[in-house]
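S.K.: based on what follows, work out the 3D shape:
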Amino acid sequence: MAAVGLMRLAARNLRKNLRRTLITAAAIATGLALLIFTDNLQTGSYATMVSRGVSMLAGHVVVQAEGYQDDPDMHLLVPDAAAVSAAVHAAAPSARVASRVLIQGLVQSTRNTSGVALVGIEPKAEATISDWSDKIVEGGAWLEPDDQRGVVLGAKLAESLEVELGDKVVLMVQGQDDVVSRLFRVRGLLRTGTDSVDGFMGLVTVAAAQAALEQPDTATMVTVHLDDADRVEAVRAAVQQSMGERPVEVLPWQQALPELYEYIQLDRQSSRVMFFIIAMIVCMGVLNTVLMSVMERVREFGVMMALGTRPGQIFRIILFEGILLGFFSSLLGLALGLLFTWPLLAYGLDFNELMGGEADVAGIPIDAVIYPQLHWSGTAVSCAVAWGMTVLSTLWPAWYAAQLEPVQAMRQH
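M.R.: As a prediction, this is how the structure comes out:
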């Protein structure tokens, strides 16, 4: 019997037991839809984490002093920051480039003193690469490029210092030879909803940070921000070449933000384990269903063998049933997975009640509303795995049916 004829028999058998076929297909499709939806949701959350981390703490590519990654000393700075920034611009003309200076010290008001992590920024460039400016509390102002005395404080930090907009604070930081004190005026308050940021961080201009460290024309890092994250390695190589013999290291974001990268990798591995467990549960369900179907048709297979159907053909009939069932279930699961995902592309999935507002991962504020992102390669793999697992689940029942003895099989009722 030709393969087409065997395929028709397999399709007829699936139609004959339509209720069982639909229940089995629904189980496979539901599991696949959940896998696709979860994968898309995770892809979106990872993209948000990377976008936030890259924009606020680093860049897709980061130029920093040699050894800074191993020993993040605030005095370990990139010299000739303006020239380095210009070289980076030339190497990656389509990228957005910004310098940052990171400072740790004490900030003092007339009432209290607190530790602070200040980020010296280029206000105009920063407004194009991060959303710090969008998180200024109403009434506050974003920094001006030439403002060397303005500071934007985290809202909780301001509360602990008991200061408001317009109040003065004093920053104390270790300079070249001695402790440097500089007077700042609070221009704005920053509220991200994350205690680790709102209670400890502040923003000043690069020029103000350089003056506090007594290190003009320096930067902790020169950051490169790309519209296409897939170009990271190509841009990193171009920037590395443009640096010549300068004592700097050029890192991709994966190395500049190792905690974030490791978190994503660990979360992916955990998800794969859970996906495998779900796939095995669905696989066992399919195996049980197909085996029950075979056991109910033992007498039918015995008659077919007695009429000349070979064991190999019996095997292929059941195998084709698995192929057709897997194909139909994968298409249904794909449709359901995309159906679950599509509305959330625009509206997101709100985890505010679960997370209590914004949370943070590796010190990076993460919005409680997560927007999925279509992960076509992962979707294709999930569909292929669902199809393959369905086919594999039919192998043993198919082998069992092929081993039947015609005479004994026909005695079955």
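
S.K.: buried stuff in the helix or strand where Gly285 lies?
M.R.: According to DSSP states H and E, Gly285 maps onto helix 258-296. Judged by neighbour count (16 or more other Cβ atoms under 10 Å), helix 258-296 contains these buried residues: 260-261, 263-264, 275, 279, 282-283, 285-287, 289-291, 293-294. Every C-beta, even on glycine, is put in place using the N, C-alpha and C of the backbone.

S.K.: could you give the number of residues near Gln240?
M.R.: The tally of other residues near Gln240 (other Cβ atoms under 10 Å) stands at 16.

S.K.: tell me the contacts of it?
M.R.: Applying Cβ atoms under 8 Å, 6 or more residues apart in numbering, we find Gln240 in contact with Val250.

S.K.: list the buried ones in the helix or strand hosting it?
M.R.: Taking DSSP H and E as the definition, Gln240 sits inside helix 232-242. Across helix 232-242, burial judged by 16+ other Cβ under 10 Å covers Val232, Val235, Arg236, Ala238, Val239, Gln240, Ser242.

S.K.: I'd like the next helix or strand past it.
M.R.: Per DSSP H and E, the first helix or strand lying C-terminal to helix 232-242 is strand 248-252.

S.K.: output that following strand as CSV, nothing but the C-alphas.
M.R.: What follows is strand 248-252, C-alpha atoms only, in CSV (Å, rounded to 0.1, in the frame of the first residue of the first chain):
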residue,chain,number,x,y,z
VAL,A,248,41.0,51.4,28.0
GLU,A,249,38.8,48.3,27.6
VAL,A,250,35.9,48.0,25.3
LEU,A,251,33.1,45.7,26.6
PRO,A,252,29.7,44.5,25.3
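
S.K.: list the contacts of the next helix or strand after it.
M.R.: Using DSSP H and E, the helix or strand that follows strand 248-252 in sequence is helix 253-256. Applying Cβ under 8 Å, 6+ apart, the external contacts of helix 253-256 come out as 50, 53-54, 58-62, 64, 69, 221, 232, 261.

S.K.: residues of helix 253-256 that come out buried?
M.R.: Using 16+ other Cβ under 10 Å as the burial criterion, the residues of helix 253-256 that qualify are Trp253, Gln254, Ala256.

S.K.: among the residues you listed, which one sits closest to Arg182?
M.R.: Using Cβ to Cβ, Ala256 comes nearest to Arg182 of the buried residues of helix 253-256, at 28.1 Å.

S.K.: picking up where we left off before, now do the helix holding Gln240 against strand 248-252, angle only.
M.R.: Angle, helix 232-242 to strand 248-252, by axes from the mean of the first three to the mean of the last three Cα atoms, to 10 degrees: 170 degrees.

S.K.: can you tell me the SS state at Gly202?
M.R.: Assigned with DSSP: H, G, I helix; E, B strand; the rest coil, Gly202 falls in the strand class.

S.K.: how about low-confidence regions in this structure?
M.R.: Along the chain, segments meeting pLDDT under 70 span 1-2, 351-368, 407, 409, 411-413.

S.K.: which residue is nearest the middle of it?
M.R.: Central residue of the chain (Cα atoms, centre = their mean): Tyr46, 1.1 Å from the mean position.

S.K.: mind checking how far it is from Gly175?
M.R.: 40 Å (Cβ to Cβ, to the nearest Å).

S.K.: Pro216 now?
M.R.: Distance from Pro216 to Gly175, by Cβ to Cβ: 12 Å.

S.K.: I'd like the distance between Gly333 and Leu344.
M.R.: Noted for Gly333: a distance of 17 Å to Leu344, by Cβ to Cβ.

S.K.: the more surrounded of those two?
M.R.: Gly333 (26 against 18).

S.K.: helix or strand for the more buried one, which one?
M.R.: Here Gly333 is assigned to helix 311-347, by DSSP H and E.

S.K.: what about Val180, how many residues nearby?
M.R.: Neighbour count of Val180, defined by other Cβ under 10 Å: 16.

S.K.: err, Thr110, not the other one
M.R.: Neighbours of Thr110 under the rule other Cβ under 10 Å: 11.

S.K.: using the three-state scheme, assign it.
M.R.: What three-state DSSP gives for Thr110 is coil.

S.K.: ok, it - contacts?
M.R.: With Cβ under 8 Å, 6+ apart, Thr110 has no contacts at all.

S.K.: for Val294, same thing?
M.R.: Phe301, Ile318, Pro397, Ala398, Tyr400, Ala401.

S.K.: mind listing which of those are in strands?
M.R.: Within those, no residue falls in strands by DSSP state E.

S.K.: pick the one among these closest to Met201.
M.R.: Ranked by distance to Met201 (Cβ to Cβ), the contacts of Val294 are led by Pro397 at 61.5 Å.

S.K.: isn't the closest one right up against Val290?
M.R.: Yes: shown here, Pro397 and Val290 form a contact pair, counting by Cβ atoms under 8 Å, at 4.6 Å.
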